[in-house]
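**Student:** Sequence and predicted structure, then a few things I'm wondering about:
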2 protein chains.
Amino acid sequence: MEFVTGTIDERSIGLKELFNNNNQGNNVFIEGAVHSIRNMGEITFIILRKRDGLVQTVLEENKLNSQSDKVREGDYIRVKGTVRDEERAPHGKEICIESYEHITRITESLPIAIDKWKLNTSLETKLNHRAIALRNIRERAKFRIQEAIGRGFREYLQKEGFTEIHTPKVGAKSAEGGANMFKLTYFHRPAVLQQSPQLYKQMMVGVFDRVFEVGPVFRAEKHNTRRHLNEYTSMDFEMGYIQSFMDICQMETGFLQYTMELLANEYADELRILKLELPKVDKIPYVRFDEAKKLVSEKYGKTIKNPFDLEPEEEELIGKYFKEEYDSDFVFVTHYPSKKRPFYALDDPSDDRYTLSFDLLYKGLEITTGGQRIHEYDMLLEKIEKKGMTEEGLEDYLDVFKYGMPPHGGLGIGLERLTMQLLGEDNVREACLFPRDLSRLTP
Amino acid sequence: MEFVTGTIDERSIGLKELFNNNNQGNNVFIEGAVHSIRNMGEITFIILRKRDGLVQTVLEENKLNSQSDKVREGDYIRVKGTVRDEERAPHGKEICIESYEHITRITESLPIAIDKWKLNTSLETKLNHRAIALRNIRERAKFRIQEAIGRGFREYLQKEGFTEIHTPKVGAKSAEGGANMFKLTYFHRPAVLQQSPQLYKQMMVGVFDRVFEVGPVFRAEKHNTRRHLNEYTSMDFEMGYIQSFMDICQMETGFLQYTMELLANEYADELRILKLELPKVDKIPYVRFDEAKKLVSEKYGKTIKNPFDLEPEEEELIGKYFKEEYDSDFVFVTHYPSKKRPFYALDDPSDDRYTLSFDLLYKGLEITTGGQRIHEYDMLLEKIEKKGMTEEGLEDYLDVFKYGMPPHGGLGIGLERLTMQLLGEDNVREACLFPRDLSRLTP
């Protein structure tokens, strides 16, 4: 009998091992995608793309009859050669080709010049050819940054005693959500796609005290803006035994601090490629909703149209204010009006027109909504009635509160929005591998 | 201006800090759910449930007028008391209550006796009261084990140079899948829920070389068995530059080895609660599909009905065979028939009735399907034609192959199935927080 033992004999080594000084002058093997070709007459530079970067290989005209097996951009090849110093090459090294062979050949030329430093195409074209456009080094790096954010979220929360959960995305119709939910038929029964794991994660606080989930959420909103996606990745957590919603803000700040460290330490290549500077997150100012409106109205001379609503333009001004006054890219806006929050939000006992909740703005864009939730059964029933809702479809959720729940709160962070703001992009579609919007269902 | 700095002033400390020897005799505060109450006359044991375990607290009759503020199972309370040794208590310590106050009161008695060591209820009842049933210590521990598996998958693959991706779950209808997909209307257009991230993860191999995703998949299969869910969490990876599909088996074995280590090191409490013994994964046997059928047919005297199909009963026997002959809970069954594999599976060049693919069986149940994929454009077109399919809906996928792809392969692991087998459960619903099946759409 033969066995699998868990070790792979890797034919092609990573860039770090490749450019290890011991390899200088040695024969090495490398496999990669032909990212670009620069024919200089007597020599040809063939730049290979690997997951960890680009490698310059050099083909000398006299070495091979290059006509017999021509390399084209997009092909995959296997190169045998020697490593030598070359300060103008990426990593200060290049590989002088002894021989090469094809792994795969393209059947058509690439539709986009992915070897350009910045892709010179419209967002529309990029998205139409998404899987090709992402082969561009800068485009690709954006999603490594996104990976780091997801990692940071999970690693930090795990450290803080949170348990990861997976809750269902298909469910029965409930009183929450309503028009903003996609509907489907589930074995002859009406069902919806969840717009948030909210009710499930709250229910799980009674089990694990602290839980988190990273997963897709679905919003059938007919917005076609630079800030909206109809399917996005939500990073959610919920924690019990809080003293106030400020504990949630603290936890989110801790996550941001951890993630910026992680980016600085383990994603330095990507930060360099994208020329990103990480925001300061050692302390984040917070301000009441009504106070924030007043501050920007005074400073920027805007009249407050609706004291219970925050328009995107006002969010931007709040972001601007805290950048100018406190040099902070982030600001927690607290005490949102009850009218604008869902039924489970806990009202401020000292003024029930407002809730014990918050948004986190990053460069003037909401990237998080969170707050303390109602944890008492009777109060929940009252609030549901006050909102003019019924208990229909909420039975399982409400049951949990009959049997006891601790004070708790949590938040949801839009992964794509946070990525977008960190990258300095102006459209959230730039920060989503395959965006879903009003007009886009493919690729 | 006030700032959030990322530190929480925790009122209630964790069990480890609580039972730190320096606390002996000291006044401590602890908040928890009243898990069970045992009234012994002069003293009452109140067992509190925290995320990291149970704590015994002791209320002496003469200390408090217990009638005035009676504690009930399910309530949440805040206790002030002193720590003392008590070898019969969990962790060998108990807290002698000085005073307590209510955080939350139940409004109804719990519908299930969650303080029993094993819940004495049917699966149906457990699932109907899922969020309550999970407050049982053993039920809860199962999902900590599940968390560890997901962590193991991500941590191992990150270490191996894989990038995490998030691909859309709502998509346009394609030639793959067909009847097994849930349909919905997406802004007046027909759409489906993805049954797998397969095509997306392959497309991303051209970008990152190695990718993984952990997320929900949706199968509209009308199976009502102990092994099937209509929504489950799939752990998928896909890797480029492989030499054969055995590289995929190696990577999966490495993941299992890493995860068993992680469980042993960081989830010892849960393993103890569940009395779990971890399977040996240092080496996993592999056997061809046709050979496996022959082996079990010979040993267990079964006639082979269909040489190109594997029935659940045969899977069980293969599992049994390799347990008996090689003391292995796992076995890779390789070279599945082409007829039973999707169009993207690479046929064995030496016999195209079979594919270069595999299933991993764990205790006789398929927990993984994987294999090498076709990476050449022309071969893909041929295979699609051979399967009697059309290219409709596959345009974006196929385009990627025109522009070059490396040899690659990957797999999908059902998180719930792997958890179920590790736990020794006989129904996959035991390993899913909120299962979705033919009859269950709530809670």
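**Tutor:** Cool, got the structure.

**Student:** beta partners of residue A:365?
**Tutor:** residue A:362 (DSSP bridges).

**Student:** Check residue A:284 too.
**Tutor:** residue B:4.

**Student:** Contacts only, for it.
**Tutor:** Applying CB atoms under 8 Å, 6 or more residues apart in numbering or on different chains, we find residue A:284 in contact with A:249, A:253, A:256, A:328, A:330, A:331, A:332, A:360, B:3, B:4. For the C-beta atoms, the positions are set from N, CA and C on the backbone; glycine is no exception.

**Student:** try it again with 7 Å
**Tutor:** A:253, A:328, A:330, A:331, A:332, B:3, B:4 (CB atoms under 7 Å, 6 or more residues apart in numbering or on different chains).

**Student:** Run through the helices of the stretch 201-350 of chain A in chain order.
**Tutor:** Secondary structure of the stretch 201-350 of chain A by DSSP state H, counting those that start in this stretch: the helices cover A:246-266, A:268-273, A:289-300, A:312-326.

**Student:** Buried ones in the first one, by neighbour count?
**Tutor:** Same thing as helix A:246-266. A:246-260, A:262-263 (16 or more other CB atoms under 10 Å in any protein chain shown).

**Student:** for the second one, same thing?
**Tutor:** Using 16+ other CB under 10 Å as the burial criterion, the residues of helix A:268-273 that qualify are A:270, A:271, A:273.

**Student:** now stretch A:187-199
**Tutor:** Those would be A:191, A:192, A:193, A:194, A:195, A:196, A:197, A:198, A:199, for stretch A:187-199 by 16+ other CB under 10 Å.

**Student:** From those, which land in helices?
**Tutor:** A:198, A:199 (DSSP state H).

**Student:** ok, and which of the buried residues of stretch A:187-199 reach chain B?
**Tutor:** With CB under 7 Å from any CB of the partner chain as the criterion, the buried residues of stretch A:187-199 include residue A:191 near chain B.

**Student:** which one among the buried residues of stretch A:187-199 gets closest to chain B?
**Tutor:** Chain B has its nearest neighbour among those in residue A:191, at 5.9 Å by CB to the nearest CB.

**Student:** Please name the bridge partners of that closest one.
**Tutor:** residue A:184.

**Student:** on that earlier part again, go through the contacts of residue A:284 and give me the one with the most neighbours.
**Tutor:** residue A:331 (29 neighbours; other CB atoms under 10 Å in any protein chain shown).

**Student:** ok now do it, which residues does it touch?
**Tutor:** A:284, A:285, A:286, A:287, A:318, A:319, A:322, A:361.

**Student:** change it to 8 Å
**Tutor:** A:284, A:285, A:286, A:287, A:292, A:318, A:319, A:322, A:360, A:361.

**Student:** how near is residue A:45 to residue A:114?
**Tutor:** 16 Å (CB to CB, to the nearest Å).

**Student:** of the two, who's got more company?
**Tutor:** residue A:114 (26 against 15).

**Student:** tell me the contacts of that one?
**Tutor:** A:35, A:132, A:133, A:135, A:136.

**Student:** Secondary structure element holding the second one?
**Tutor:** What that stands for is residue A:132. With secondary structure defined by DSSP states H and E, residue A:132 is part of helix A:130-133.

**Student:** what's the offset of that helix from the middle of its chain?
**Tutor:** 18 Å (CA atoms, centre = their mean, to the nearest Å).

**Student:** same thing with stretch A:23-33?
**Tutor:** Worked out by CA atoms, centre = their mean, stretch A:23-33 lies 35 Å from the chain centre.

**Student:** Does chain B have contacts with it?
**Tutor:** Yes - Stretch A:23-33 reaches chain B (CB under 8 Å from any CB of the partner chain) through A:31, A:33.

**Student:** what does that stretch rub up against?
**Tutor:** A:11-13, A:17-18, A:48-50, A:55, A:57, A:74-85, A:95, A:98, A:103, A:135, B:206, B:241, B:404, B:406.
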